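Peer 1: sequence first, predicted coordinates after that:
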Amino acid sequence: MAHSIQDIATVLGAQAFGAVDLLVDAAAEPAVAGPDDLALAMTPAYGPALAKGRARAAVVWPEADWQALGLEAVIVAPRARLAMAGLTQMLDRPLAGAGISAQSHVDPSALVPKDAVIGPFTVIGAGARIGHKAWIADHVSIAEDVQIGAGCIIHAGVRLQRGTVIGDRVVLQPNVTIGGDGFSFVTAEPSNVELARDTLGDAPMTAPADPTWHRIHSLGGVQIGDDVEIGANSTVDAGTIRPTRVGQGTKIDNLVQVGHNVVIGDHCLLCAQAGVAGSTVVGDRVVIGGKAGVADNVLVGNDVVLGGGSVVLSNVPAGRVMMGYPATKMQTHVESYKALRRLPRLLRRIGKS
């Protein structure tokens, strides 16, 4: 569908200049943009690439000399990534499908509104409740008594186990699993890992008389707040007694593990391959970088930023920026890293003295 430059600018809350009635039907990078594309040249670094393409219109940075760049019309975007959010939403294709597929299985006791979309080979269990205008793709498993809010988008292969409650407008990418049992086992006598923790490794590790691991069942389920998004192949485990919780507006990337009993606050970001261990509480607006980890039973305060690859082993006060393993304040980590890089030179000096 074609849009005018002015219409796009209005949606973005931005200013348009030049031939604002010009129509475009797609977005493209500057070097490969055609005459019907809207080139995305949102920073000066992309300016030279416009000459390689054939775009007549572009989204440009403030103060760009768009006429000198050979453009007929422009949209000025002071905050490039925010403009990308609005533009990509406007240009995205609508989700396909209508009604309930004859190849799905919906238990007669499940409540599914007429305006929901249910894809083929999806199974909806007894007592499940689906919200209005929910869009559920193919090969999705929804266990008994699961609750799904209005306007949710659930992609192929998602698994929602019993005890799962999902708010409104939640997006689950392919193969998300919510509500699987937590990783929780116990031995009859204290295990080596318990001894190691209690003695900080001073006690000898020996073979126990009975090494059997006894499963602690997960009865608490999972509660997901409104406007949450969870990336492909990520998992949120069920709580043991109380629910595992993910707060409203939180966004979780691909391949993220959220353990049992965890509480994630509102408007957090958890990046790819991050892991939060059981019974940890993460405050509001926390950012956990890629491959970062948070140990079990710790508290991470509001507005903390945890750098990629870092590992939190103890409580973190609100507002801290943390890096490293074990994670320390960013300033401390940088100073330690500088000192570590100086070590070879210092050792050479000591060897010569």
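Peer 2: Perfect, thanks for sending it.

Peer 1: can you tell me the element residue 58 falls in?
Peer 2: Here residue 58, judged by DSSP states H and E, is contained in strand 57-60.

Peer 1: using CSV, write down the CA coordinates of that strand.
Peer 2: Extracted in CSV, the C-alpha atoms of strand 57-60 (Å, rounded to 0.1, in the frame of the first residue of the first chain):
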residue,chain,number,x,y,z
ALA,A,57,12.4,10.7,-0.8
ALA,A,58,14.1,9.9,2.4
VAL,A,59,13.9,10.1,6.2
VAL,A,60,16.9,12.3,7.0
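
Peer 1: helix or strand next in line after that strand, which one?
Peer 2: Counting by DSSP H and E, the element after strand 57-60 in chain order, helix or strand, is strand 73-76.

Peer 1: got a list of contacts for that next one?
Peer 2: With Cβ atoms under 8 Å, 6 or more residues apart in numbering as the test, strand 73-76 has contacts from 5, 8-9, 12, 14-20, 22, 38, 56-62, 64, 66, 83. No exception for glycine: its C-beta is placed from N, CA and C like everyone else's.

Peer 1: mind doing that once more with 6 Å?
Peer 2: 5, 9, 14-20, 22, 57-60, 62, 66 (Cβ atoms under 6 Å, 6 or more residues apart in numbering).

Peer 1: contacting residues for residue 62?
Peer 2: 76, 78.

Peer 1: quick one, helices of the stretch 101-250 of the chain?
Peer 2: With DSSP state H, counting those that start in this stretch as the criterion, the stretch 101-250 of the chain has helices at 192-199.

Peer 1: which positions in stretch 186-201 come out as buried?
Peer 2: By neighbour count on 16 or more other Cβ atoms under 10 Å, the buried set for stretch 186-201 is 187, 191, 195.

Peer 1: mind checking the pLDDT average for that stretch?
Peer 2: Stretch 186-201 carries an average pLDDT of 90.

Peer 1: hang on, the earlier thing: and the strand holding residue 58, how far from the chain's centre?
Peer 2: In terms of Cα atoms, centre = their mean, to the nearest Å, the centre of strand 57-60 is found 29 Å from the chain centre.

Peer 1: ok, now stretch 233-250?
Peer 2: The answer for stretch 233-250 is 13 Å, by Cα atoms, centre = their mean.

Peer 1: measure it end to end?
Peer 2: Length of stretch 233-250, first residue to last, Cα to Cα, to the nearest Å: 17 Å.

Peer 1: can you list contacts of that stretch?
Peer 2: For stretch 233-250, the external contacting residues (Cβ under 6 Å, 6+ apart) are 163, 175-180, 182, 218-228, 252, 254-268.

Peer 1: any quick ChimeraX command for the buried ones out of those?
Peer 2: Listed next is the ChimeraX selection for buried residues among these, using 16+ other Cβ under 10 Å:
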select :163,175,176,177,178,179,180,182,218,220,221,222,223,224,225,226,227,228,252,254,255,256,257,258,259,260,261,262,263,264,265,266,267,268
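
Peer 1: which of the contacts of stretch 233-250 fall in strands?
Peer 2: 177, 178, 179, 180, 222, 223, 224, 252, 257, 258, 263, 264 (DSSP state E).

Peer 1: adding distance to residue 116 and pLDDT as columns, could you present those in a markdown table?
Peer 2: Shown next, in a markdown table, are these (distance: Cβ to Cβ, whole Å; pLDDT from 0 to 100):
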| residue | distance to residue 116 | pLDDT |
| --- | --- | --- |
| 177 | 21 | 98 |
| 178 | 19 | 98 |
| 179 | 20 | 98 |
| 180 | 25 | 97 |
| 222 | 21 | 98 |
| 223 | 21 | 98 |
| 224 | 18 | 98 |
| 252 | 24 | 98 |
| 257 | 30 | 98 |
| 258 | 27 | 98 |
| 263 | 30 | 98 |
| 264 | 27 | 98 |
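
Peer 1: residue 56 against residue 35, yeah?
Peer 2: Yes. Taking contacts as Cβ atoms under 6 Å, residue 56 lies within contact range of residue 35: 5.4 Å.

Peer 1: the two: which has the busier surroundings?
Peer 2: residue 56 (22 against 12; other Cβ atoms under 10 Å).

Peer 1: per-residue pLDDT, the nearest residue to the more buried one once chain neighbours are set aside?
Peer 2: Leaving aside its sequence neighbours, residue 56 sits nearest to residue 72 (Cβ to Cβ, 6 or more residues apart in numbering; 4.5 Å). pLDDT, residue 72: 95.

Peer 1: confirm residue 94 sits in a strand?
Peer 2: No. Using DSSP: H, G, I helix; E, B strand; the rest coil, the assignment for residue 94 is coil, not a strand.

Peer 1: now residue 249: phi and psi?
Peer 2: Per-residue torsions, residue 249: phi 80, psi 0 (degrees, to the nearest 10).

Peer 1: and it, how close does it get to residue 117?
Peer 2: Remark: distance between residue 249 and residue 117 (Cβ to Cβ, to the nearest Å) = 24 Å.

Peer 1: check residue 197 too.
Peer 2: 49 Å.

Peer 1: repeat for residue 43
Peer 2: Counting by Cβ to Cβ, the gap from residue 43 to residue 117 is 39 Å.

Peer 1: which of these two has more neighbours?
Peer 2: Taking other Cβ under 10 Å, residue 43 and residue 117 do not tie; residue 117 has more neighbours (20 against 12).

Peer 1: contacts only, for that one.
Peer 2: By Cβ under 6 Å, 6+ apart, the contact set of residue 117 is 97, 135.

Peer 1: fine, thanks again, bye for now.
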